[in-house]
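Student: Whatever this is, show me its structure:
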Amino acid sequence: MGIRRKGREIAMQTLYALEFKEFLQAETDEIDFCKLKLEEIAESKEITKDNSIYDFALEILLNTLAKLEEIDAKIVEHSTNWSMNKIANLDRSILRIATYEILFTPTAPAVIMNEAIEIAKRFCSDSSGKFINGILNSISQEFHKES
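Tutor: Below is the predicted model of the structure:
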């Protein structure tokens, strides 16, 4: 498994953990919690903070969180008949990361979509891959029309 896939996986797991933050102490802000959770997840996979996998995951997380409203709006726009709260938490986390990458990085959309589908196959339900692919494909097509 490549460095970027591992980074995307631990980024997705951290975003997923943020879904449950409300159950934690209120004084921990989102960015601090995000970094703390990323460290915990990375350590469980024997990935240290000085590793390029960790750096890539942190970059994705911080940038995704910074653009979350725009990312979520784009996902809702392209997920026919699905509101954000109806999308499974893991699927939503994968979609957020991949949408960030499609909209704000030079990585080829086909690579991003393939990675998202492979991560979904590993962590989500059988139908998640097709669902995620459909939304990301629609976002990618719109983005390339605008570019």
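
Student: and the residue nearest the centre of the chain, what element?
Tutor: The residue lying closest to the centre of the chain (CA atoms, centre = their mean) is Ile97, at 2.6 Å. Ile97 is part of helix 89-104 when elements are defined by DSSP states H and E.

Student: Next: Asp72.
Tutor: Using DSSP H and E, Asp72 falls in helix 68-78.

Student: which residues of the protein score low on pLDDT?
Tutor: In the predicted model, the chain carries pLDDT under 70 at residues 1, 21-28, 146-147.

Student: Show me the longest helix that occurs in it.
Tutor: In the chain, assigned by DSSP state H, the helix with the most residues is helix 128-146.

Student: for it, packing partners?
Tutor: When contacts are defined as 3 or more CB pairs under 8 Å, 6 or more residues apart in numbering; DSSP states H and E, helix 128-146 packs onto helix 68-78, helix 89-104, helix 109-123. The way it works is simple: take the backbone N, C-alpha and C, and place the C-beta from them, glycine included.

Student: In the first one, which of the residues would be classed as buried?
Tutor: By neighbour count on 16 or more other CB atoms under 10 Å, the buried set for helix 68-78 is 71-72, 74-75, 78.

Student: Could you export that helix as PDB, CA atoms only?
Tutor: Extracted C-alpha coordinates of helix 68-78, given in PDB (Å, rounded to 0.1, in the frame of the first residue of the first chain):
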ATOM      1  CA  LEU A  68     -15.500  21.900   5.100                       C
ATOM      2  CA  GLU A  69     -18.600  24.100   4.300                       C
ATOM      3  CA  GLU A  70     -17.700  24.400   0.700                       C
ATOM      4  CA  ILE A  71     -16.900  20.700   0.400                       C
ATOM      5  CA  ASP A  72     -20.100  19.700   2.100                       C
ATOM      6  CA  ALA A  73     -22.100  22.000  -0.100                       C
ATOM      7  CA  LYS A  74     -20.500  20.400  -3.200                       C
ATOM      8  CA  ILE A  75     -21.200  16.800  -1.900                       C
ATOM      9  CA  VAL A  76     -24.900  17.700  -1.200                       C
ATOM     10  CA  GLU A  77     -25.200  19.300  -4.600                       C
ATOM     11  CA  HIS A  78     -24.100  16.100  -6.300                       C
END
